[in-house]
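Dropping the sequence and predicted coords here.
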Amino acid sequence: MRNLDEETITQAVLARNVDMKDRRFKEIMTSLIQHLHAFAREVHLTEEEWAAGIQFLTDVGQTCSPTRQEFILLSDTLGLSTLVTAQNHRKPRGCTEATVFGPFYVDDAPDYELGADVGNGMAGEPCYVRGQVRSITGEAVPGARMEVWQADAEGFYDVQNPERTEAQGRGTLHADASGHYRFKTIVAECYPIPHDGPVGRMLDAMGRHPWRPAHLHFMISAPGYETLVTHVFRDSDTYLDSDTVFGVRSSLVADWIRHEAGTTPDGSQADKPFYTLDFDFVLNPASPSRAA
């Protein structure tokens with residue numbers, strides 16, 4: 001194929017890929033090529049803009065590290081993460097809604113007994129979290145595995161601290177035989193996503209802020225149920241309606257209730273005010289191909 005031009009290049013590329021063996025990969029790549037070419041034609045992309053785009057993606061990749069996933073931030077802030085989550089996690093009414101995974105999950109969070117302090121010394125006001133994990137039909141889900149993680153009062157996750165020696169604000173617990181769970185942590189606060197890199201510069205150029213409303217992350221799994229990845233958001237937060245990663249769902253907004261010093265939910269005595277959060281999770285039974 002020679003003498004290709006702007007009108008013939010797309011079909012030439014698609015023809016070159018005709019021998020792809022994986023049908024799903026072929027479907028994805030065919031659509032990607034068609035949409036990329038259509039985008040370039042629609043905006044009449046200049047060489048300078050193309051080069052700037054390549055440099056931007058290079059910068060995003062070079063910013064990634066074991067503790068920072070700039071590509072997830074890019075996907076989140078463009079709404080792609082929410083789109084993919086929404087179309088892959090449609091649930092019956094009454095199930096807890098899923099939302100974005102975020103870039104700060106780690107798979108080696110320590111195990112805790114119910115009622116333990118998952119904050120583990122993380123800076124912030126004390127908060128006691130409790131609730132139940134149930135099925136959409138109302139039955140308790142005993143022993144559900146719950147992974148939780150959050151930022152500190154300054155908006156930083158433990159993995160962002162190069163001097164940390166142990167996990168803080170994250171852990172793994174298991175609900176009891178009646179599906180109930182409880183743990184101590186700190187009050188969730190709003191915070192900006194990391195915005196000192198290429199994604200931050202992109203947001204600034206777009207006239208957008210980098211802030212997320214206060215929230216706790218949860219990933220809940222149990223045999224026979226779809227794994228749930230979600231947040232619980234703090235009511236009345238300034239950024240609930242402008243979350244930079246488009247993750248808020250009204251059903252996931254809850255009250256953090258402030259209490260004066262006194263007896264805490266675990267029976268201890270607090271000499272300063274503390275908060276409580278009560279939130280139940282409702283899991284969707286898994287289809288045979290998606291069983292936990």
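Cool, the structure landed. Residues are numbered from 1 along each chain as shown.

pLDDT weak spots in the stretch 51-200 of the chain?
By pLDDT under 70, the stretch 51-200 of the chain has no low-scoring segment.

In the chain, what residue spans correspond to strands?
126-135, 145-149, 170-174, 180-186, 191-192, 211-212, 215-221, 228-234, 253-254, 257-259, 262-263, 269-270, 274-278, 281-283 (DSSP state E).

Kindly reformat those as TSV containing distance to Glu163.
Backbone N, C-alpha and C define where each C-beta goes, glycine included. Formatted as TSV, the strands of the chain follow (distance: least, Cβ to Cβ, whole Å):
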stretch	distance to Glu163
strand 126-135	23
strand 145-149	19
strand 170-174	17
strand 180-186	19
strand 191-192	19
strand 211-212	24
strand 215-221	23
strand 228-234	27
strand 253-254	33
strand 257-259	31
strand 262-263	35
strand 269-270	29
strand 274-278	28
strand 281-283	34
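
Please identify which of these is closest to Val18.
The closest of the strands of the chain to Val18 is strand 228-234. By Cβ to Cβ, the value is 37.5 Å.

Distance to Cys64 and mean neighbour count for the strands of the chain - can I get that in JSON lines?
Formatted as JSON lines, those follow (distance: least, Cβ to Cβ, whole Å; neighbours: other Cβ atoms under 10 Å):
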{"stretch": "strand 126-135", "distance to Cys64": "31", "mean neighbour count": "20"}
{"stretch": "strand 145-149", "distance to Cys64": "19", "mean neighbour count": "21"}
{"stretch": "strand 170-174", "distance to Cys64": "20", "mean neighbour count": "20"}
{"stretch": "strand 180-186", "distance to Cys64": "28", "mean neighbour count": "21"}
{"stretch": "strand 191-192", "distance to Cys64": "19", "mean neighbour count": "18"}
{"stretch": "strand 211-212", "distance to Cys64": "19", "mean neighbour count": "22"}
{"stretch": "strand 215-221", "distance to Cys64": "20", "mean neighbour count": "23"}
{"stretch": "strand 228-234", "distance to Cys64": "21", "mean neighbour count": "24"}
{"stretch": "strand 253-254", "distance to Cys64": "31", "mean neighbour count": "18"}
{"stretch": "strand 257-259", "distance to Cys64": "39", "mean neighbour count": "13"}
{"stretch": "strand 262-263", "distance to Cys64": "46", "mean neighbour count": "10"}
{"stretch": "strand 269-270", "distance to Cys64": "41", "mean neighbour count": "12"}
{"stretch": "strand 274-278", "distance to Cys64": "32", "mean neighbour count": "19"}
{"stretch": "strand 281-283", "distance to Cys64": "31", "mean neighbour count": "22"}
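
closest to Thr10 out of those strands?
Here strand 228-234 is closest among those (Cβ to Cβ), at 36.6 Å.

Tell me the helices and strands packed up against that closest one.
On a contact count with 3 or more Cβ pairs under 8 Å, 6 or more residues apart in numbering; DSSP states H and E, strand 228-234 meets strand 215-221, strand 253-254, strand 281-283.

From the chain's centroid, how far away is the last one?
Centroid separation between strand 281-283 and its chain, computed with Cα atoms, centre = their mean, to the nearest Å, is 17 Å.

cool, the shortest one as well?
For strand 253-254, the distance from its own C-alpha centre to the chain's C-alpha centre is 16 Å (Cα atoms, centre = their mean).

Put the alpha carbons of stretch 271-278 into CSV.
Provided in CSV are the C-alpha atoms of stretch 271-278 (Å, rounded to 0.1, in the frame of the first residue of the first chain):
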residue,chain,number,x,y,z
ASP,A,271,-11.5,12.8,76.6
LYS,A,272,-12.3,14.7,73.4
PRO,A,273,-15.1,14.7,70.8
PHE,A,274,-15.4,11.8,68.4
TYR,A,275,-17.5,10.8,65.4
THR,A,276,-19.6,7.8,64.4
LEU,A,277,-20.5,6.6,60.9
ASP,A,278,-23.2,3.9,60.4
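
what sits up against it?
Residues from elsewhere that reach stretch 271-278, judged by Cβ atoms under 8 Å, 6 or more residues apart in numbering: 125-131, 187, 216, 232, 254-261, 264-265.
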